[in-house]
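1. Pasted the sequence and its predicted model underneath.
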Amino acid sequence: DPDDTVQYVRDDHQVFTSGEPLHIPAESITKADGSVRYYHTIKTHNLDEQGKDARTVGVSRPATDEELITHFQRIRGLHKANLSELRTFIRSIPQAVCMLDTRRRLIAYSDVWQALFGLNRESNIGTFYEEVHEAKLPLAETITAVINAGSATSQDGVKLNDTVGHTVLADIKIVPWFMPEGTVGGVIVLVQDVTEVRHTQAKLQEINEELTQFNYRVSHDLVAPLKSMRGLLNISNQQLERGNVKMMQSLNQRMIGEVDRLSELVEGILDLARSDLAETVWERVNLDTMLQQIVAAHQERLSTINMAVQLNIKQQTIQSSPIRLQQIFENFVSNAIKYHDPNKAVLWLKLQSRREEQHCVITIADNGIGFDEALKEKIFNIFSRGTSKRSGHGLGLYIVQKHLQHLGGTASALSHRDDTVFEIKLPLGNIKEV
């Protein structure tokens, strides 16, 4: 009888942990025909050559005291009822949970546990924890410690792989369960999948940190040009009273510059808001056509600085969001123009695409002033400016990163100076042809 086996294991555990013989006046034994007989049993431990517990040795003879047998029949009935209730409870829990005896053998487990570890409903009952689970979730020593101490323990943020190879982040609680007389019968192991919860918590923390930084920087960058314009207006009024028109013209140009600076920040904030709020609509996009249109829209500025643009689009079609791609490439082209090197006789911007397995890889390269090497790993962070040689608020590449996150893509800086090179990797979607 499986329930009697739980009791045998508990008795063996007591002998091993106490080091003392165990006297059982009436131990139940279920025969092959289902009948139950009771035996007067004495169990003790046997030591190996090193003096360590090696096994238990038991001596039994039929019990003859009917009153004693009746008493142990009642105890056995309580044990069986207790175990039956526990098994039913374990199987009904909508969470990954299993029940073990004091030898770490499986007594029962829930459907979620069965799915998580790829078990059969009954064939794994009675197997040792270390045979089935230890390689994936090493808890054998902890389980033994809980059994010996009779008190619960927990482990948070444990990584394990499910049956399809996905990594699951789990919080684990190991709780002792008790026999009716109050002795430890084994443990219950609960595994709670907190992967999504931890991911959400990490995302919220990241957002909070970004908001704190955003509020500080935006407040500063909004107030600074306003204060500057107020000062310039005061000086301009003084010059107006003196009739100094030439000085007023100079002051007006400086105020226009401050207005442009403020306008650029406001536009950046709006673009940042749109990058998160915009709906991602997936369509077939011809990269060559899109890039030619973007270059044409910037042709006047490109001609002013005499910058040549080269397109080499080998992978022309992808399944993506036209609106998000438009803003990504607009940012890179604008940056190439804004951060050009006026000391170079020949200026160029190169955009290329190629296919790598199921991704489209796009490189954007220019021979502008580049950015500081120390910022190579942080260039896509919010308010990260690549150089102090030009004005800016450090939102452009952060907005690019935001759009790429929605598209399942990535961006990296391959070179920071003497040719600035960025690489974008985007999924092709369901596009098959090269």
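-> Perfect, I can see it now.
2. Could you count how many residues lie near residue 11?
-> The number of residues packed near residue 11 is 19, by other CB atoms under 10 Å. Yep, even glycine has a C-beta here, placed from its N, CA and C like the rest.
3. which secondary structure element contains it?
-> For residue 11, the element it lies in under DSSP states H and E is helix 2-18.
4. swap in residue 26?
-> strand 22-30.
5. ok, and what's touching that strand?
-> 1, 4, 7, 11, 14-15, 36-44, 60, 63, 65, 68-69, 71-73, 76 (CB atoms under 8 Å, 6 or more residues apart in numbering).
6. what mean pLDDT would you report for the helix holding residue 11?
-> Mean pLDDT, helix 2-18: 72.
7. can you list contacts of that helix?
-> Contacts of helix 2-18 (CB under 8 Å, 6+ apart): 21-22, 24, 27-30, 43-45, 53, 56, 76, 79-80, 83-84, 101-103, 105, 107, 125-126, 147-148, 179, 183-186.
8. Next: stretch 238-256.
-> Contacts for stretch 238-256 (CB under 8 Å, 6+ apart): 229, 232-233, 235-236.
9. Count residues in the vicinity of residue 230, would you?
-> 11.
10. likewise residue 226?
-> Other residues close to residue 226 by other CB under 10 Å number 12.
11. give me every residue that touches it.
-> residue 262.
12. Read off the pLDDT value for it.
-> The model's pLDDT for residue 226 equals 76.
13. Could you tell me how far it is located from residue 239?
-> From residue 226 over to residue 239 the distance is 20 Å, taken as CB to CB, to the nearest Å.
14. For residue 60, what is the enclosing helix or strand?
-> With DSSP H and E as criterion, residue 60 is part of strand 53-62.
15. in that strand, what's buried?
-> 56, 58 (16 or more other CB atoms under 10 Å).
16. Identify the residues contacting it?
-> 12, 15-16, 19, 27, 37-48.
17. could you pull out the helices for the stretch 151-300 of the chain?
-> Taking DSSP state H, counting those that start in this stretch as the test, the helices found in the stretch 151-300 of the chain are 195-242, 245-277, 287-297, 299-304.
18. okay if I get those as a markdown table plus distance to residue 173?
-> As requested, these are exported to a markdown table (distance: least, CB to CB, whole Å):
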| stretch | distance to residue 173 |
| --- | --- |
| helix 195-242 | 15 |
| helix 245-277 | 37 |
| helix 287-297 | 52 |
| helix 299-304 | 62 |
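19. For residue 356, give me its contacts.
-> Contacts of residue 356 by CB under 8 Å, 6+ apart are residue 425.
20. Now do it, the pLDDT please.
-> So, for residue 356, pLDDT stands at 90.
21. Also the one 5 residues further on?
-> Here the pLDDT value assigned to residue 361 is 94.
22. Residue 256 now?
-> For residue 256, the model assigns a pLDDT of 82.
23. That one - how many residues pack around it?
-> Neighbour tally, residue 256, other CB under 10 Å: 11.
24. Quick check on the contacts of helix 2-18: which are buried?
-> Using 16+ other CB under 10 Å as the burial test, these include 22, 24, 27-28, 43, 45, 56, 76, 79-80, 83, 101-103, 105, 107, 147, 179, 184-186 as buried.
25. can you list the weak-confidence ranges in the stretch 51-200 of the chain?
-> For the stretch 51-200 of the chain, the stretches flagged by pLDDT under 70 are 53-54, 121-122, 163-164.
26. Quick one: the strands in it, in order.
-> 53-62, 96-101, 106-109, 153-161, 167-178, 184-193 (DSSP state E, counting those that start in this stretch).
27. can you list the ones you listed in JSON lines and add distance to residue 132?
-> Converted to JSON lines, the strands of the stretch 51-200 of the chain look like this (distance: least, CB to CB, whole Å):
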{"stretch": "strand 53-62", "distance to residue 132": "23"}
{"stretch": "strand 96-101", "distance to residue 132": "10"}
{"stretch": "strand 106-109", "distance to residue 132": "7"}
{"stretch": "strand 153-161", "distance to residue 132": "13"}
{"stretch": "strand 167-178", "distance to residue 132": "16"}
{"stretch": "strand 184-193", "distance to residue 132": "12"}
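28. Pick the most buried one from those strands.
-> strand 96-101 (a mean of 25; mean count of other CB atoms under 10 Å).
29. May I have that one exported as CSV, CA atoms only?
-> Taking Å, rounded to 0.1, in the frame of the first residue of the first chain, the C-alpha atoms of strand 96-101 are listed here in CSV:
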residue,chain,number,x,y,z
ALA,A,96,3.5,23.9,-10.1
VAL,A,97,3.6,21.9,-6.8
CYS,A,98,4.7,18.5,-5.7
MET,A,99,4.5,16.4,-2.5
LEU,A,100,7.5,14.3,-1.3
ASP,A,101,8.0,11.9,1.6
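30. List the strands paired with it, with their directions.
-> Using DSSP bridges, the strands paired with strand 96-101 are strand 106-109 (antiparallel), strand 184-193 (antiparallel).
31. among those, which is nearest residue 263?
-> When the strands paired with strand 96-101 are compared by CB to CB, strand 184-193 sits nearest residue 263, at 48.3 Å.
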